[in-house]
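# below is the structure, and that's it, no one-letter string:
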């Protein structure tokens with residue numbers, strides 16, 4: 001049995017955390033497809049345990065479909081939908097929830113195993129507990145999001161979608177950072193570096209852009225203003241404001257798309273500038289410079305992909321690719337921030 005004091009790193013633990021991060025990424029992909037196909041409200045109940053079993057008979061399907069018919073989305077948008085069409089959207093949402101359960105299982109069981117065998121570095125135990133709680137919170141927030149579309153709306157509330165997606169990306173970033181820590185162990189010395197704050201600021205800017213993208217998705221704002229670089233021929237759309245400040249920030253299609261565009265420009269400039277300065281730095285190790293260049297490169301690719309997604313009015317393939325690229329950008333930025341803290 002390995003002692004806690006024997007080592008502060010564990011490659012098996014790191015691999016486990018990287019696998020869980022990959023599963024979270026898969027959940028983001030399926031979640032994006034679920035949203036783009038308007039499938040998220042097809043399951044109108046939250047059953048964390050029994051809900052893992054899909055309808056097994058025609059009677060079960062009829063009951064699920066009857067519950068869906070009671071919500072505004074069916075009555076106002078999908079009235080007349082066939083059972084076969086309902087099954088299509090149902091399977092997307094069911095798959096998304098199943099992946100959520102799989103992520104929880106893939107985290108909890110190995111965590112208990114490593115903990116019992118004392119193969120988990122002691123310094124990572126509180127962090128892993130926090131990751132587990134964050135994953136549980138993500139599931140609860142997912143239902144809170146779905147519930148917003150079951151009574152008075154035909155879709156989920158954009159701010160709740162942003163919260164749900166934001167937690168998923170926060171979990172992904174924390175998993176990547178913790179996996180790197182498990183792989184390399186604790187740094188042997190404190191490294192004073194002007195890059196520490198700068199890389200965290202970059203992560204913050206990326207995270208803000210992800211939240212703004214979720215507001216665009218939640219308001220279907222990618223289906224309007226499909227010209228670029230202007231918006232219906234203007235830099236600032238005339239209907240930017242939507243009454244109150246909150247209504248404008250969270251619910252105006254013009255505002256959320258404009259804000260997403262502006263932060264994209266800022267993020268692209270910051271990413272390129274940081275990579276250029278990093279490449280000329282005599283302080284940073286080669287690995288950090290490579291990560292800086294990779295982060296900037298994916299930011300540029302993500303910006304181009306965002307323009308294409310907008311111009312083609314968000315086809316499912318481009319919409320999902322845009323979300324996947326956001327996860328790659330965030331993961332590389334996290335790895336960059338992690339690396340500059342080590343000699």
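Nice, I can see it. Every value quoted in this text rests on a predicted model; they were computed, and no experiment measured them.
# quick one: low-confidence parts of the stretch 51-200 of the chain?
Applying pLDDT under 70 to the stretch 51-200 of the chain flags residues 189-192.
# how about the nearest residue to residue 181, chain neighbours excluded?
Spatial nearest neighbour of residue 181, excluding adjacent residues (Cβ to Cβ, 6 or more residues apart in numbering): residue 124 at 6.6 Å. C-beta: built from backbone N, CA, C; applies to glycine.
# so where's the longest helix in this protein?
Assignment by DSSP state H gives helix 83-116 as the longest helix of the chain.
# that one - contacts with which helices or strands?
Counting contacts by 3 or more Cβ pairs under 8 Å, 6 or more residues apart in numbering; DSSP states H and E, helix 83-116 is packed against helix 11-36, helix 58-68, helix 125-147.
# how about the residue nearest to residue 181, what does it touch?
By Cβ atoms under 8 Å, 6 or more residues apart in numbering, residue 124 lies in contact with 13, 178, 181-182.
# okay, now the domains of the chain?
For the chain, automatic domain parsing gives the domain ranges 1-184, 187-343.
# return the distance of the first one from the chain's centre.
Right, domain 1-184. Averaging C-alpha positions (Cα atoms, centre = their mean, to the nearest Å) puts domain 1-184 11 Å from its chain's average.
# three-state assignment of the closest residue to residue 63 other than its chain neighbours?
Leaving aside its sequence neighbours, residue 63 sits nearest to residue 55 (Cβ to Cβ, 6+ apart; 7.6 Å). Under DSSP: H, G, I helix; E, B strand; the rest coil, residue 55 falls in the coil class.
# quick one: contacts for residue 55?
When contacts are counted by Cβ under 8 Å, 6+ apart, residue 55 touches 61, 63-64, 90.
# coming back round to it: pick the most deeply packed of the helices and strands packed on helix 83-116.
Highest mean neighbour count of those: helix 11-36, a mean of 20 (counted as mean count of other Cβ atoms under 10 Å).
# ok and that helix relative to helix 125-147, angle-wise?
Going by axes from the mean of the first three to the mean of the last three Cα atoms, to 10 degrees, helix 11-36 is angled at 10 degrees with respect to helix 125-147.
# returning to what we had before: let's see which of the contacts of residue 124 end up in helices.
Among the contacts of residue 124, the ones falling in helices (DSSP H) are 13, 178, 181-182.
# now do the SS call for residue 278.
Three-state call for residue 278 (three-state DSSP): helix.
# setting aside sequence neighbours, what's the nearest residue to it?
The shortest distance from residue 278 to any non-neighbouring residue, by Cβ to Cβ, 6+ apart, is to residue 292 (3.7 Å).
# low-confidence regions, the stretch 201-343 of the chain specifically.
Along the stretch 201-343 of the chain, the model assigns pLDDT under 70 to no residue.
# now the helices for it?
245-251, 253-279, 286-311, 316-339 (DSSP state H, counting those that start in this stretch).
# would you reformat those helices as CSV and include mean neighbour count and distance to residue 27?
Listed next are those as CSV, based on neighbours: other Cβ atoms under 10 Å; distance: least, Cβ to Cβ, whole Å:
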stretch, mean neighbour count, distance to residue 27
helix 245-251, 14, 24
helix 253-279, 18, 23
helix 286-311, 19, 20
helix 316-339, 21, 10
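# how about those, which one is nearest residue 40?
Closest to residue 40 of these is helix 316-339 (Cβ to Cβ; 13.9 Å).
# from the chain's centre, how far out does that closest one sit?
9 Å.
# need the contact list for the most centrally placed residue in the chain.
Nearest residue to the geometric centre of the chain (Cα atoms, centre = their mean): residue 169, 3.7 Å. Going by Cβ under 8 Å, 6+ apart, residue 169 touches 28, 207, 210, 326-327, 330.
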